[in-house]
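Structure, please.
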Amino acid sequence: MSDENIFEAYKQVALGIEKVQVTDDELVLEYKDGRKETYFFKDLKKVTIITTDQGPFEEDVFWLMLLEEMIIMIPQIAGTDKLLERLQKLPEFNNEQVIKAMTSTDNNSFLVWEKR
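Numbering: from 1, shown residues only. Presented below is the predicted three-dimensional model:
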């Protein structure tokens, strides 16, 4: 499945995320309906940033994360600063791709990290 197809499938779920909490080991997603989901960075396989041409009127930056048995997508509006800080600790994390993504105004995807 392409990043674009995953984006369309997960966009509405992602927009339900209200807040992101990050520790060295865990990522906790807090949803607007009160649910919480916990994921572990040790299960992370791939991180891509997806951008759209919908900003600034709609959310236009999403973090797409492929884990061992799960795909999660987090809108930047949920507060991804701490997530970025944690991801930057991964070996060979590509900060140049993050910069390109954050300046993008088009529909695009930017691979920032992949487990080797």
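
Where do the strands of the protein begin and end?
17-22, 26-31, 36-40, 44-51, 61-67, 71-75, 108-114 (DSSP state E).

CSV please, covering those strands and showing mean pLDDT, distance to residue 11 and mean neighbour count.
C-beta here means a position set from N, CA and C on the backbone, and glycine is covered the same way. Formatted as CSV, those follow (pLDDT from 0 to 100; distance: least, CB to CB, whole Å; neighbours: other CB atoms under 10 Å):
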stretch, mean pLDDT, distance to residue 11, mean neighbour count
strand 17-22, 96, 11, 17
strand 26-31, 97, 14, 17
strand 36-40, 97, 17, 12
strand 44-51, 97, 9, 20
strand 61-67, 96, 8, 21
strand 71-75, 94, 7, 19
strand 108-114, 97, 13, 18
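
Only the C-alpha atoms, please, for the longest helix along the chain, written as PDB.
In the chain, assigned by DSSP state H, the helix with the most residues is helix 3-14. C-alpha atoms of helix 3-14 as PDB (Å, rounded to 0.1, in the frame of the first residue of the first chain):
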ATOM      1  CA  ASP A   3       1.900   6.200   1.600                       C
ATOM      2  CA  GLU A   4      -0.900   8.100  -0.200                       C
ATOM      3  CA  ASN A   5      -3.400   5.200   0.100                       C
ATOM      4  CA  ILE A   6      -2.500   4.800   3.800                       C
ATOM      5  CA  PHE A   7      -2.900   8.500   4.300                       C
ATOM      6  CA  GLU A   8      -6.500   8.500   2.900                       C
ATOM      7  CA  ALA A   9      -7.400   5.400   5.000                       C
ATOM      8  CA  TYR A  10      -6.000   6.800   8.300                       C
ATOM      9  CA  LYS A  11      -6.700  10.500   8.000                       C
ATOM     10  CA  GLN A  12     -10.000  10.600  10.000                       C
ATOM     11  CA  VAL A  13      -8.600   8.500  12.800                       C
ATOM     12  CA  ALA A  14      -5.500  10.700  12.900                       C
END
